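Asker: The sequence and its predicted three-dimensional model are supplied below.
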Amino acid sequence: MKKLLLVLVILSMVMTLTFAVGGRQQTTASNAITVEVFDRGTDGGRSLAYDNAWTNWIKQKVKTDLNIDVTFLPVGRWSENTDIVNLMASASAPDLCYSYSGDMVANFRDQGGILNLAPFIDQYLPDLKKLLGSDPVFPGKDFIYREADQRTGAIYSIRSYRVALAQRNVFIRKDWLDTLGLPLPRSLNDFYNALVAFRDRDPGRVGANRVVPYGFSSVQWELQDYIKHHMQTMSDRDLWVYDIHERFLLAPGFKDGVRLMNQWYNERLLYQDFPLLVGEDLSNMIKSGIVGAIGGNWDIPWRTDNKLNEDMALNVRGAEFVPVDLNLNNKGMMDKSGLYIFIPSFSRSQTAALQYLNWLAKPENYNFLQVGQQGVNHSLVNGIPNVLGRPAGDPWFQNSSLNIDYTMPINGLELGSQELNSRVLALSYGSTPPETIVSAYAISVRNARAPIVRQVTTTVNQYSQTLQDKSDQLLEQAITGRPADFDRIWDAGVADFLASGAQEVLNERNALWPR
């Protein structure tokens with residue numbers, strides 16, 4: 001970050017890329033732009049993220065509609081933070097960028113690296129404003145202003161619109177339960193008992209030394225719901241204050257949840273070598289049929305990019321993961337907000353970037369990118385487009401679901417109403433019965449709580465990566481340690497967490513939302 005700051009300071013001294021005329025901020029203009037696109041590799045039939053039938057269609061239509069030449073610049077999907085920081089530090093970032101990391105974008109903002117978009121919304125982004133619609137969190141306010149600074153009105157990033165709000169689910173092997181004569185668990189205690197039965201009775205006959213009652217690789221994502229179940233029910237204010245870079249170590253009751261995971265680990269209910277898993281290791285374990293339960297993305301067993309249920313059933317006849325509602329407390333639900341979209345302040349093509357972003361918000365453009373051509377990319381089922389998976393290597397194969405890497409303002413199929421959106425969602429999972437998806441979605445959002453949104457500008461953001469890393473390391477150590485060492489490990493880790501910047505973050509949040 002120091003490198004980035006130095007580069008941006010130098011750039012601001014030698015280049016005038018945004019300037020004031022009569023008190024109004026202007027943009028730089030060019031008829032050529034670079035646009036970020038996530039690079040997910042070429043496995044599974046994917047094409048080059050920056051050069052395929054879809055990018056060619058975009059380039060040709062944008063040239064026709066706007067007389068702008070578009071070049072896509074790939075950024076690693078799973079290394080986006082490092083990649084974008086390096087690109088920003090070298091002043092070679094795309095003219096139009098996006099990221100899921102709000103902390104990283106905040107750092108760019110604080111260091112003067114991002115264009116203030118507020119003066120240009122009405123002039124350049126009318127279609128985007130219409131598409132994003134109203135903000136459900138703030139009645140009477142347009143969603144495009146979600147990131148506006150309450151004091152200055154400045155907007156350094158615009159959030160994309162997330163259509164589906166389900167976040168996580170718990171899944172269990174229905175065939176293993178049936179073999180043992182067990183019902184679907186309805187509570188965390190039921191779930192624990194099922195995991196014990198999987199460990200002790202090996203219903204899949206995979207071998208006592210191979211059976212994995214619960215498989216996971218990320219504590220932060222796949223164990224989060226069981227841990228947060230033990231948190232006290234908190235007000236919006238306290239939930240926001242204790243949310244330190246999406247980590248809740250300091251929240252009352254969180255430690256109790258981690259202690260339970262330590263118990264499960266030491267009882268060999270959790271996969272013992274989870275810290276060593278990389279890449280597709282977990283998926284391959286699941287597909288081999290040795291795992292009894294998993295958690296994570298609400299639709300993970302049926303996603304067409306990893307095909308967990310489909311491939312597992314090829315190896316083990318009748319094997320199937322089904323979602324279960326454990327009546328957990330403090331379940332999370334997605335906010336309407338998705339990606340952070342921003343334009344670097346040093347971009348030479350800011351006007352064109354704004355025009356392209358607005359072009360993406362026109363129905364004729366995002367509809368084609370999402371569902372493609374009838375008979376090629378989709379068929380109609382009762383008037384609803386059913387997206388067809390193209391074979392691997394096909395020119396119109398979608399590298400990401402519904403081409404979300406190209407439809408920057410939208411994450412999820414948008415047909416103009418919530419009713420149509422919910423009906424079409426269930427058709428987008430290949431051969432999976434629609435009612436299965438509808439049920440999983442309902443379980444995920446039932447009694448779930450969206451993140452608390454507080455429209456204030458935080459300034460203590462420099463510790464974000466350090467605190468995330470320390471939190472993840474502490475969770476791993478606390479869960480894998482001996483039960484007798486748990487309190488010592490936890491208390492020492494929390495003290496280090498506070499001393500590494502968390503106390504400053506906590507102090508600022510308490511000041512920004514006083515009791």
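Answerer: Nice, thanks for sending it over. Numbering: from 1, shown residues only.

Asker: for the nearest residue to residue 68 once chain neighbours are set aside, phi and psi?
Answerer: Leaving out its chain neighbours, the residue that sits closest to residue 68 by C-beta to C-beta, 6 or more residues apart in numbering is residue 352, at 4.9 Å. Placement of C-beta: from N, CA and C, glycine included. Dihedral angles of residue 352 (phi, psi; degrees, to the nearest 10) stand at phi -60, psi -40.

Asker: Count the neighbours of residue 352 for me.
Answerer: When counting by other C-beta atoms under 10 Å, one arrives at 27 neighbours for residue 352.

Asker: Do I have it right that it meets residue 34?
Answerer: No - using C-beta atoms under 8 Å, residue 352 is not in contact with residue 34, being 10.0 Å away.

Asker: what's the overlap in contacts for the two?
Answerer: Taking C-beta atoms under 8 Å, 6 or more residues apart in numbering as the contact criterion, the common neighbours of residue 352 and residue 34 are residue 95.

Asker: Contacts only, for residue 187.
Answerer: Contacts of residue 187 (C-beta under 8 Å, 6+ apart): 326-327.

Asker: typo on my end, residue 342
Answerer: The neighbours of residue 342, taking C-beta under 8 Å, 6+ apart as the test, are 97-99, 105, 108, 114-115, 117, 156-158.

Asker: nearest to residue 385, of those residues?
Answerer: Out of the contacts of residue 342, the one with the shortest distance to residue 385 is residue 98. That distance is 24.8 Å, counting by C-beta to C-beta.

Asker: now the end-to-end length of stretch 134-148.
Answerer: 14 Å (C-alpha to C-alpha, to the nearest Å).

Asker: Show me which residues of that stretch are buried.
Answerer: 135, 137, 143-148 (16 or more other C-beta atoms under 10 Å).

Asker: Not counting stretch 369-377 itself, show me its contacts.
Answerer: Residues from elsewhere that reach stretch 369-377 (C-beta under 8 Å, 6+ apart): 54, 57-58, 378, 380, 385, 387-388, 390, 396, 398, 402-403, 406-407, 410, 413-414.

Asker: taking those residues one by one, which sit in helices?
Answerer: Helix and strand membership here follows DSSP state H; of the contacts of stretch 369-377, those in helices are 54, 57-58.

Asker: So which of these wins on neighbours?
Answerer: Neighbour counts for the ones in helices among the contacts of stretch 369-377, by other C-beta under 10 Å, peak at residue 54, which reaches 24 neighbours.

Asker: In contact with that residue, which residues?
Answerer: Shown in contact with residue 54 (C-beta under 8 Å, 6+ apart): 369, 396, 398, 403, 406.

Asker: again, only using 10 Å
Answerer: Taking C-beta atoms under 10 Å, 6 or more residues apart in numbering as the definition of contact, the neighbours of residue 54 are 37, 47, 72, 368-369, 372, 377, 395-399, 403, 405-406.

Asker: before we move on, what about residue 109?
Answerer: Taking C-beta under 10 Å, 6+ apart as the definition, contacts of residue 109 comprise 115-116, 147, 149, 154, 156-157, 340, 342, 345, 457, 461.

Asker: Likewise for residue 189?
Answerer: Neighbours of residue 189 in contact, by C-beta under 10 Å, 6+ apart: residue 326.

Asker: pretty sure residue 302 contacts residue 309?
Answerer: Yes - Residue 302 is in contact with residue 309 according to C-beta atoms under 10 Å; the separation is 6.1 Å.

Asker: Mutual contacts of the two, please.
Answerer: Overlap between the neighbourhoods of residue 302 and residue 309 consists of 321, 429, 432, 436, taking contacts as C-beta under 10 Å, 6+ apart.

Asker: For these, give me TSV that also has secondary structure, neighbour count and pLDDT.
Answerer: As requested, those are exported to TSV (DSSP: H, G, I helix; E, B strand; the rest coil; neighbours: other C-beta atoms under 10 Å; pLDDT from 0 to 100):
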residue	secondary structure	neighbour count	pLDDT
321	strand	24	98
429	coil	21	81
432	coil	19	87
436	helix	18	91
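
Asker: Farthest-apart pair in those, please.
Answerer: Of all pairs drawn from the shared contacts of residue 302 and residue 309, the one with the largest separation by C-beta to C-beta is 321 and 429; the distance is 13.3 Å.

Asker: what touches both of the two?
Answerer: By C-beta under 10 Å, 6+ apart, residue 321 and residue 429 have these common neighbours: 301-302, 309.

Asker: ranking these by neighbours, who comes first?
Answerer: Busiest of those [other C-beta under 10 Å] is residue 301, holding 25 neighbours.

Asker: That one looks like it's in a helix, true?
Answerer: Yes - the assignment for residue 301 is a helix, going by DSSP: H, G, I helix; E, B strand; the rest coil.

Asker: how about residue 184, what does it touch?
Answerer: Shown here is residue 184, whose contacts under the criterion C-beta under 10 Å, 6+ apart are 172, 174, 177, 190-191, 194, 322-326.

Asker: Break down the stretch 351-500 of the chain into its helices, ranges please.
Answerer: With DSSP state H, counting those that start in this stretch, the ranges of helices along the stretch 351-500 of the chain come out as 363-371, 418-425, 434-445, 464-480, 486-497.

Asker: will you turn those helices into TSV that also has distance to residue 64?
Answerer: As requested, those are exported to TSV (distance: least, C-beta to C-beta, whole Å):
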stretch	distance to residue 64
helix 363-371	11
helix 418-425	28
helix 434-445	37
helix 464-480	42
helix 486-497	54
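
Asker: any idea which of those helices scores lowest on pLDDT?
Answerer: Mean pLDDT is lowest for helix 418-425 out of those, coming in at a mean of 76.

Asker: Check which helices and strands it sits against.
Answerer: Using 3 or more C-beta pairs under 10 Å, 6 or more residues apart in numbering; DSSP states H and E, the elements in contact with helix 418-425 are strand 378-381, strand 384-387, helix 434-445.

Asker: In the stretch 201-350 of the chain, mark out all the helices, start to finish.
Answerer: 219-222, 224-228, 236-242, 254-266, 281-288, 308-315, 350-360.

Asker: Tell me which of those helices sits most buried.
Answerer: Highest mean neighbour count of the helices of the stretch 201-350 of the chain: helix 350-360, a mean of 23 (counted as mean count of other C-beta atoms under 10 Å).

Asker: packing partners for that one?
Answerer: With contacts defined as 3+ C-beta pairs under 10 Å, 6+ apart, the secondary structure elements packing on helix 350-360 are strand 32-39, helix 53-66, strand 69-76, helix 121-124, helix 126-132, strand 337-342, helix 363-371.

Asker: what is the mean pLDDT for that helix?
Answerer: On average, helix 350-360 scores 98.

Asker: What separation is there between the residue nearest to residue 290 when sequence neighbours are not counted and residue 314?
Answerer: Of all residues beyond its chain neighbours, the one nearest residue 290 is residue 206 (4.6 Å), with distances taken as C-beta to C-beta, 6+ apart. Here residue 206 is placed at a distance of 16 Å from residue 314 (C-beta to C-beta, to the nearest Å).

Asker: right, and residue 437 touches residue 425 too?
Answerer: Yes - here residue 437 lies in contact with residue 425, judged by C-beta under 10 Å, at a distance of 6.6 Å.

Asker: shared neighbours of those two, which are they?
Answerer: Looking at what touches both residue 437 and residue 425 (by C-beta under 10 Å, 6+ apart), the common residues are 166, 299.

Asker: Please render the ones in helices among the contacts of stretch 369-377 as JSON lines that adds distance to residue 513 to the earlier fields.
Answerer: Rendered in JSON lines, the data for these read as follows (distance: C-beta to C-beta, whole Å):
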{"residue": "54", "distance to residue 513": "43"}
{"residue": "57", "distance to residue 513": "46"}
{"residue": "58", "distance to residue 513": "42"}
